[in-house]
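Q: Kindly return the folded structure for what I paste below:
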Amino acid sequence: MTQTQTRTEIQTPHQEHLLPDVACPLTPSLTDSLFGRGPRRPAARSVAAAVLVGAAVLLAGCVGTNVKTFGVQESFGSVTTYSRMFDATPAQTCEASRRALLSQGYIISSSSADLVEGKKSFQPEAESHLQMVVRVVCVPEASDGKVSLGFVTALQDTYALRKTNNSASLGVGAIGSVSLPLSASSESMVKVGSETISKDTFYESFFDLVKRYLVIDQAQALGG
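A: Residues are numbered from 1 along each chain as shown. Purely as a prediction, here's the structure:
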């Protein structure tokens, strides 16, 4: 049996496209199946669908991005870094903490008998901005309420200046929109980082300041 090469023409409304010669024998039934003439073959359609699904899965794997992960940052070590015991009631400890924050230029955003929160802004560079938030929680440590624990947490947020250039255009009725060589830029502060302060020296200095105000308050109470 000799193998024949078949040239098939597809007629479109504008031009003819000639399919290239194929190096495999094409029988009339095979060409009918390829170009829609003759009985449909469900098995071929199933194989084609499976190939398309596999290609989609491979494409999704190629365009997927790797998510960067980090290890656990908390170790639950020393309990003395963020807390300190005071010979005072929770209300007295929080009041001394409020005065300590005020003495350092903090703006008090929340204050109660067991909670004080203050904020302060810093600008170490022309295009950088820092905001420190100090939160103090005062809880009783003794049954009589005359000894308290002060828990302090300081959170520092970092902001950076971002500039955005905007081009200008002029609308003309008869011509349309005309682009002009004019541009305007807008600036905004974008939050780029947030960190809980963990330095022992930072909290030591704060607790020392709280103790100083507790001594002053107790001396005034005894003298009054």
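Q: need the longest helix for the protein.
A: For the chain, the helix reaching the highest residue count under DSSP state H is reported as helix 200-223.
Q: pLDDT on that helix, on average?
A: Confidence over helix 200-223, taken as the mean pLDDT, stands at 92.
Q: Now do the contacts for Val192.
A: Taking C-beta atoms under 8 Å, 6 or more residues apart in numbering as the criterion, Val192 is in contact with 158-160. The way it works is simple: take the backbone N, C-alpha and C, and place the C-beta from them, glycine included.
Q: And for Tyr159?
A: If you count contacts by C-beta under 8 Å, 6+ apart, Tyr159 has them with 128-131, 189-192.
Q: Among those, the buried ones, what's the ChimeraX command?
A: Per 16 or more other C-beta atoms under 10 Å, the buried members of those correspond to this ChimeraX selection:
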select :129,130,131
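Q: Out of the contacts of Tyr159, name the ones that lie in helices.
A: With helices taken from DSSP H, there is no overlap with these.
Q: What is the nearest of the contacts of Tyr159 to Gly77?
A: Of all the contacts of Tyr159, Gly77 sits closest to Leu130, with 25.7 Å by C-beta to C-beta.
Q: SS state for the closest residue to the closest one other than its chain neighbours?
A: Of all residues not flanking Leu130 in the chain, Phe122 sits nearest, at 4.1 Å (C-beta to C-beta, 6 or more residues apart in numbering). Counting by DSSP: H, G, I helix; E, B strand; the rest coil, the backbone at Phe122 sits in strand.
Q: hang on, Phe122 packs against Asp157?
A: No - look at Phe122 against Asp157 with C-beta atoms under 8 Å: they stay out of range, at 10.5 Å.
Q: quick one: common contacting residues for those two?
A: Each of 130-131 lies in contact with both Phe122 and Asp157 under the rule C-beta under 8 Å, 6+ apart.
Q: the more surrounded of the two?
A: Asp157 (16 against 11; other C-beta atoms under 10 Å).
Q: who touches the more buried one in this structure?
A: When contacts are taken as C-beta under 8 Å, 6+ apart, Asp157 is in contact with 130-131, 133, 191, 193-194.
Q: now do Val134
A: Val134 is in contact with 101, 106, 117-120, 152-154, 206, counting by C-beta under 8 Å, 6+ apart.
Q: Distance check, Glu116 against Thr201.
A: Careful, residue 116 is Val; it's not Glu. Look at Val116 and Thr201: by C-beta to C-beta, to the nearest Å, they are 21 Å apart.
Q: what do you get for Ser148?
A: Using C-beta to C-beta, one obtains 23 Å as the distance from Ser148 to Thr201.
Q: could you give the angle of the lengthiest strand in the chain to helix 200-223?
A: Counting residues, the longest strand in the chain under DSSP state E turns out to be strand 148-172. Regarding strand 148-172 and helix 200-223, their directions subtend 120 degrees when assessed with axes from the mean of the first three to the mean of the last three C-alpha atoms, to 10 degrees.
Q: Provide the strand pairings for strand 148-172, with the direction of each partner.
A: Taking DSSP bridges as the criterion, strand 148-172 forms sheet pairs with strand 83-86 (antiparallel), strand 128-140 (antiparallel), strand 176-196 (antiparallel).
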